[in-house]
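Participant: Please work out how this folds:
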Amino acid sequence: MRIVTESRLAAVLGSLPGVPRVVLGGNFGTPWRALSLLDAAVGEYHLFALNAQHGIPDREGIVLESPFVGPGMRASERLRYFPCRLSLVPNLLRESLPPDVVVVQTSAPFNGTVSLGIEVNILPAAIEAALARGGLVISQVNPRMPYTYGDAVLPEDYFDYAIEADGPLPSPPSPPASDLYRSIGERVAALIDDGATLQLGIGGVPDAVLAALTGRQDLAVWSEMFSDGVLALDRAGALDPAAPVTASFVFGSSQLYEWIDRNARVRLLRTEKTNDPGLIALQPRMVSVNGALQVDLFAQANAARVHGMIYSGFGGQTDFVVGALHSPGGRAVIALPSWHPKADVSTVVPRLTGPVTSFQHSFIVSEQGAAAVWGHDAAAQAGQIIDQVAHPSARDDLRKAGRDLGFRLP
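Facilitator: Numbers count the residues shown, from 1 in each chain. Coordinates of the predicted model:
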């Protein structure tokens, strides 16, 4: 790793030939200073990132690329969305979208290594793909980045250039606690026993589920990501101290970042490990809890599109639903409110009109109740979704529509 001045790095980037593809650390590990230098120095480039946050450059000359669209790319006319299971994104970078440059944020060097800290994800695969074709790997070294273990730890000599930028890591806004989320969280928590292994997605509902589990014992975490709810479980004594907390990326409060720094109980692994359905299935009593924008009477979930337009993407939901279903004693849960307050519509629809994100879950849960999906015939599934998940004001119309779709409903 060669520490250089910002002007020197800008000169190196400005000399890149053609229209390079740049893979950027996403989520809340984005190297904003290095990205600013890149954008000022390179007129045209492709920018590939997962869950890019607000502030990502979006101008003429840039093509935005992502298999999981964050608020920084959402609705951009320059977006190229690549449908892909998150577990397979490393293959995408090796085979179809090889990077010329990878720009990441790392910890300060230690014993010839640095750590990717809170954002491991697809970055090891991207770095390997760039090195294999003689591309550049660039680090923004931040002494405030936690030094995390597992696949986060990389040799310094993987990096061609680095700049130093000391600054606090951003934290996501905390979703407001609400009686609605608490009700859903408690219903989901009732499906989770002591000794379960947890995967939870992002948002108010997963946070509420974790808050309802502080009285459990011997829980483990094998997840795509985690936030402050896992720290709360640890402080409550709900986690099995012998089971490592395993994920691929982290975001949350400064207290969470302090907790994971040099914490041997926390392992951040590359996406192709955390999201491998085969490895997920090996976790005891794996419970996958994910949200959705809509579900239908066929027990299908849409977590990717709104009115046909891409909102996020598959993410890891498909990986974890399949893995959890194959885990002994495992369960795959979709949790969502029964009514969308902004659109003022039911989140349960007769049949999805757009692409399906996942299907064949164990349970679908709303604040109204929990529908048992696995092990029931199609008509019983539809009936339970209507009676236990849908808002009461939508049930009559859903029942009529269900009959029109061929379900034998009372």
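
Participant: tell me, which helix in the protein spans the most residues?
Facilitator: helix 392-404 (DSSP state H).

Participant: In that one, which of the residues would be classed as buried?
Facilitator: 394-395, 398-399, 401-402 (16 or more other C-beta atoms under 10 Å). Heads up, the C-betas are built off the backbone N, CA and C, glycines and all.

Participant: Equivalent analysis for stretch 376-386, please.
Facilitator: 380-386.

Participant: can you tell me which of the residues you listed are in helices?
Facilitator: 380-384.

Participant: just to revisit the earlier point, residues touching the longest helix of the chain, excluding its own?
Facilitator: When contacts are defined by C-beta atoms under 8 Å, 6 or more residues apart in numbering, helix 392-404 is touched by residues 297, 338-339, 346, 348-350, 368, 382-383, 386-387, 390, 409.

Participant: ok, residue 290 touching residue 334?
Facilitator: Yes. Under the criterion of C-beta atoms under 8 Å, residue 290 makes contact with residue 334 at 6.0 Å.

Participant: Common neighbours of those two, please.
Facilitator: 301, 358.

Participant: what kind of secondary structure is residue 242 in?
Facilitator: coil (DSSP: H, G, I helix; E, B strand; the rest coil).

Participant: Could you tell me the per-residue confidence at it?
Facilitator: Listed pLDDT for residue 242 reads 96.

Participant: That one: how many residues sit nearby?
Facilitator: The local packing of residue 242 (other C-beta atoms under 10 Å) involves 8 other residues.

Participant: For the protein, just list every one of the helices.
Facilitator: Counting by DSSP H, the helices of the chain are 6-14, 32-41, 89-95, 123-132, 179-189, 204-211, 228-235, 254-260, 271-274, 277-281, 317-326, 378-384, 392-404.

Participant: Switch those helices over to TSV; also include mean pLDDT.
Facilitator: Output for the helices of the chain, formatted as TSV (pLDDT from 0 to 100):
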stretch	mean pLDDT
helix 6-14	98
helix 32-41	98
helix 89-95	96
helix 123-132	98
helix 179-189	96
helix 204-211	91
helix 228-235	95
helix 254-260	97
helix 271-274	98
helix 277-281	98
helix 317-326	96
helix 378-384	97
helix 392-404	97
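
Participant: for the ones you listed, which one sits closest to residue 54?
Facilitator: helix 32-41 (11.0 Å; C-beta to C-beta).

Participant: Which residues outside the closest one are in contact with it?
Facilitator: With contacts defined as C-beta under 8 Å, 6+ apart, helix 32-41 is touched by 6, 9-11, 13-14, 22, 24, 45, 55-57, 62, 101, 103, 105, 138-140, 163, 165, 167.

Participant: now with 6 Å?
Facilitator: Helix 32-41 is contacted from outside by 6, 9-10, 13-14, 57, 103, 140, 165, using C-beta atoms under 6 Å, 6 or more residues apart in numbering.

Participant: Check stretch 362-382 too.
Facilitator: By C-beta under 6 Å, 6+ apart, stretch 362-382 touches 180, 183-184, 187-188, 191, 295, 297, 299, 331-336, 338, 361, 384-385, 388-389, 402, 407-408.

Participant: and the end-to-end length of it?
Facilitator: End-to-end span of stretch 362-382 (C-alpha to C-alpha, to the nearest Å): 13 Å.

Participant: same thing with stretch 46-58?
Facilitator: First-to-last residue span, stretch 46-58, C-alpha to C-alpha: 11 Å.

Participant: One more: stretch 149-165?
Facilitator: 22 Å.

Participant: do stretch 58-72 as well
Facilitator: 9 Å.

Participant: mind listing what's buried in it?
Facilitator: 58, 62, 64-70, 72.

Participant: quick one: which of these sit in strands?
Facilitator: Judged by DSSP state E, the subset of these located in strands is 62, 64-66.

Participant: could those residues be laid out in JSON lines, adding distance to residue 175 and pLDDT?
Facilitator: Putting those into JSON lines (distance: C-beta to C-beta, whole Å; pLDDT from 0 to 100) gives the following:
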{"residue": "62", "distance to residue 175": "30", "pLDDT": "98"}
{"residue": "64", "distance to residue 175": "26", "pLDDT": "98"}
{"residue": "65", "distance to residue 175": "28", "pLDDT": "98"}
{"residue": "66", "distance to residue 175": "23", "pLDDT": "97"}
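
Participant: Dump those residues into TSV; add distance to residue 126 as well.
Facilitator: Below are these laid out as TSV (distance: C-beta to C-beta, whole Å):
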residue	distance to residue 126
62	18
64	16
65	12
66	13
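
Participant: Between those, which sits nearest residue 133?
Facilitator: The nearest one, if we look at these relative to residue 133 and count by C-beta to C-beta, is residue 65, at 17.2 Å.
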